[in-house]
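Q: Sequence first, predicted model second:
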Number of protein chains: 2
Amino acid sequence: MKSYSVKELLKKQPIGEHVEVNGWVKTFRSNRFVALNDGSIIHNLQCVIDFENFDEDLLKQISTGAALKVTGTLVESQGRGQSVEIQATAVFVHGTADPETYPIQPKKHSLEFLREKAHLRVRTNTFSAVMRVRSALSFAVHQYFQQKGFYYMHAPIITGSDAEGAGEMFRVSTLDPKSPPLDDSGAIDYSQDFFGKETNLTVSGQLEAETYAMGLGNVYTFGPTFRAENSNTSRHLAEFWMIEPEMAFYDLDANMDLAEEFIKSILSYVLENCKDDLEFLEKRLLDEEKSKPQNERSDMALIEKLKFIVDNNFKRVTYTEAIEILRNCKPNKKKRFQFPIDEWGADLQSEHERFLVEKHFKCPVILFDYPANIKAFYMRLNEDGKTVRAMDVLFPGIGEIVGGSQREERLEVLQQKIKDLNIDEKELWWYLDLRRFGTAVHSGFGLGFERMVQFATGMGNIRDVIPYPRTPQNAEF
Amino acid sequence: MKSYSVKELLKKQPIGEHVEVNGWVKTFRSNRFVALNDGSIIHNLQCVIDFENFDEDLLKQISTGAALKVTGTLVESQGRGQSVEIQATAVFVHGTADPETYPIQPKKHSLEFLREKAHLRVRTNTFSAVMRVRSALSFAVHQYFQQKGFYYMHAPIITGSDAEGAGEMFRVSTLDPKSPPLDDSGAIDYSQDFFGKETNLTVSGQLEAETYAMGLGNVYTFGPTFRAENSNTSRHLAEFWMIEPEMAFYDLDANMDLAEEFIKSILSYVLENCKDDLEFLEKRLLDEEKSKPQNERSDMALIEKLKFIVDNNFKRVTYTEAIEILRNCKPNKKKRFQFPIDEWGADLQSEHERFLVEKHFKCPVILFDYPANIKAFYMRLNEDGKTVRAMDVLFPGIGEIVGGSQREERLEVLQQKIKDLNIDEKELWWYLDLRRFGTAVHSGFGLGFERMVQFATGMGNIRDVIPYPRTPQNAEF
């Protein structure tokens, strides 16, 4: 007898076949109808148990959360809500779930409650849908880049380099934490640490990805990165996954083309391959927003919002043009921005980015050519001497989702910038070598993966789109 | 004019087309022939520069490692060694590479020397080939599991759980390293650390993957894992990537079926998609082994060895049968094993595993049903009370490449095992919850990704198959 997943049975519908299926009980009604789910799909499979032919003790073991193996014939369903169901001839209970103690009962649980039960929350509809979409998005990333001839590169996680300055770092050590060895000057003697030097968790794989782009041509990273920032918000994690493509011989225009094509490609993949989950998540979001005031609700339903990205050209606008628009816009003049825009050089906040996307251009926007002093040291200086070849992709509801740039490929310009910022050039000897030997125009960008999962699933809190979120005061499991 | 990669030009051969190509100079002969490579493929593209029509100062800038943009017409080549070449009409030098200081000159460099230049070594044939194969293998992993309906799960990297006991761990902290806060008892007060508790880098994502398998059904992880072991060998890294599938409702037989199919699938992918690189790496290995005594050389050439895995059924043998074979085999009787096999219960070493694969069975082998006391606490106890449902996949030249098991799904049996091993049950409350609520037969295995890359590329030292190896006393870049 063939064993099937719930997804296979619902999609293939082998009517009349005697089949076996394993899963967990979602609900058990009237001592007869088991809604069985195995995580393969959002929908449940109805299993009809003719209770008169089953042992009463066995039936008592069937409750929400119990794991079953059901054997029976797949038939067309007479009931509403499903096209097929199993007429069970045998039921085996792998494991029970005591209704008195099992926390995931068939009722509405708050997302906060479920965060405390992160080891069980994937058994709920919401989290199983989110995690299936997350998996599909991950694969879409790999498929897109591989088909385009990019090579996947694993950037190091533990790093002895602390020059990027993208944020606070976590120290990695095996020294005795209470009485570490000291050197003659009384400082900690890191030469006795595992790696013979002070090491931290990476904040970005970009610099290492550049070294690979300058040999393999086009590469991308997809790995975990870390920020030890004490930000307890719904948008920040201490441990999150980043995607960082880096391309030799790409200028900023080519970089923007790639970012737009990439984003459309991965969201198209999800629209095509996660229809059931997206429909569920769209409905969930609508329900959730019913309790909110009108002005805090989404303008678009979830699937409409994804199609909005896929179907629209991204409008490309210089920072300078954007500042003009913002300075003269109604919300700025009426002082409705929390951070008013007065003059060129201001750093843009999410409220400004969202205004440009949602109200002014009504399409995704790529801002480029930012003031040098609000961007990172490795971005290529324009001929005007005051802007750099940076670009940010702005999304509705979020603001910045992708940040990238053409990299400074000129040795002297980069050295001067490093000097101006008081970065120790010795820390970056290998990065500078790329400009000493066979330097070339190159570009790249970074995408915080969890932000994209949030966008694709409509989940408001970033803690709910990664299996085990790490945030200040929280590293459970 | 269209810009192509070297790979596109060599594979598509658009003869007669006026094209543009960027890359780095591998060699420049007779002031006329540039071998250009952009990392897209192992082969170079010959660019013919009619030096009489070019500026002498420009020609002087062309040397090994320089980055060029070459424009010209693709023609059939008259020379040997290539079918097409570019007749250059224009050359732009992106960046030079001073032959006096550029380390990667066109001669044989030792792998040790190149490890010191890890930021440049991907510009060599050997490392570009290895890293392209690594990328292809990574994608093959994702494609295999996704097509099979598995969901990709990101296990946490920073963990507050230290119960698996798979090895020494790296501490992750933001406390003042020199004078950390102490509690009343004089111990370090980790409640003041970033996560409010002591945290480490993960040694395995398995336990968390189990929590997801018990909701999503079939999942796999592919992420970095860490061991703070002072092992300075050619087989150990402090930071390496692991693949860990975990499947609900899989028993050990299904687990072995999956492992065999998975391994064959990813190696088939590489055989199909990395032919050029494998041919180069096979030749490299043969050259390298010429200097070795006959008995240290590989029995099979690289591609033959990969086909050996793909084309043979994996022989399944119990540990008990294997011990009988080993006890009575010639090398054991003639005391040629470093670790003689005397009796049941002995842990197998690489020499024994290789004997079984290479000499006795002459095919890949899966050993299963190992003695409980040499395996991990979470493996399912057999009815005999002394063996567990563990399995190891053994490969020629390596020994163990995959280790897995059916997991202990019975709460009481697992609790007793945890107690016997003096593990704190409180640390594993969430892991035990899986056995409290809807427990079921489930299984999984782990593959150290770098070991597989070593096998697929024939590289002898694990430091040469990851971009930036982390080993004791080494975390450069």
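A: Perfect, thanks for sending it.
Q: Show me chain A divided up by domain.
A: A:3-103, A:123-168+A:203-464 (automatic domain parsing).
Q: what mean pLDDT does the longest one have?
A: When pLDDT is averaged over domain A:123-168+A:203-464, the result is 95.
Q: Straight-line length of it, end to end?
A: In domain A:123-168+A:203-464, first residue to last residue: 14 Å (CA to CA, to the nearest Å).
Q: Next: the first one.
A: Start to finish, the residues bounding domain A:3-103 are 29 Å apart (CA to CA).
Q: follow-up on the earlier one: most neighbours per residue, which of the domains of chain A?
A: Of the domains of chain A, the one with the most neighbours on average (mean count of other CB atoms under 10 Å in any protein chain shown) is domain A:123-168+A:203-464, at a mean of 19. Any C-beta I mention is one placed from the backbone N, CA and C, and that applies to glycine too.
Q: any idea where the helices of the stretch 101-250 of chain A begin and end?
A: For the stretch 101-250 of chain A, the helices defined by DSSP state H, counting those that start in this stretch occupy A:111-116, A:125-147, A:206-216.
Q: If you compare the directions of the longest one and helix B:206-216, what angle comes out?
A: Put plainly, it is helix A:125-147. 110 degrees (axes from the mean of the first three to the mean of the last three CA atoms, to 10 degrees).
Q: is chain B contacted by helix A:125-147?
A: Yes. Remark: helix A:125-147 sits within contact range of chain B at A:127, A:128, A:131, A:132, A:134, A:135, A:138, A:139, A:142, A:143, A:146, by CB under 8 Å from any CB of the partner chain.
Q: Could I get the pLDDT score of residue A:186?
A: 93.
Q: What residues does residue A:223 make contact with?
A: A:154, A:155, A:157, A:205, A:241, A:242, B:223, B:224 (CB atoms under 8 Å, 6 or more residues apart in numbering or on different chains).
Q: Would you convert the residues you listed into TSV that also reports distance to residue A:353?
A: Shown next, in TSV, are the contacts of residue A:223 (distance: CB to CB, whole Å):
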residue	distance to residue A:353
A:154	32
A:155	28
A:157	31
A:205	25
A:241	22
A:242	20
B:223	31
B:224	33
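Q: Of these, just say which sits nearest to residue A:97.
A: residue B:223 (29.7 Å; CB to CB).
Q: pLDDT value on residue A:189, please?
A: So residue A:189 comes in at 97 (pLDDT).
Q: Tell me how many other residues crowd it.
A: 14 (other CB atoms under 10 Å in any protein chain shown).
Q: ok, now how distant is it from residue B:200?
A: Distance, residue A:189 to residue B:200, using CB to CB, to the nearest Å: 22 Å.
Q: Validate this expectation: residue A:281 resides in a strand.
A: No. The assignment for residue A:281 by DSSP: H, G, I helix; E, B strand; the rest coil gives helix, which leaves it out of any strand.
Q: Contacts only, for it.
A: A:126, A:129, A:130, A:133, A:302, A:457, A:458, A:459.
Q: quick one on the thing from earlier: could the domains of chain A go into CSV alongside distance to residue B:364?
A: Formatted as CSV, the domains of chain A follow (distance: least, CB to CB, whole Å):
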stretch, distance to residue B:364
domain A:3-103, 26
domain A:123-168+A:203-464, 26
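Q: so what's residue A:444 closest to, chain neighbours aside?
A: Nearest non-adjacent residue to residue A:444, counting by CB to CB, 6 or more residues apart in numbering or on different chains: residue A:246, 3.7 Å away.
Q: Many thanks, have a good one.
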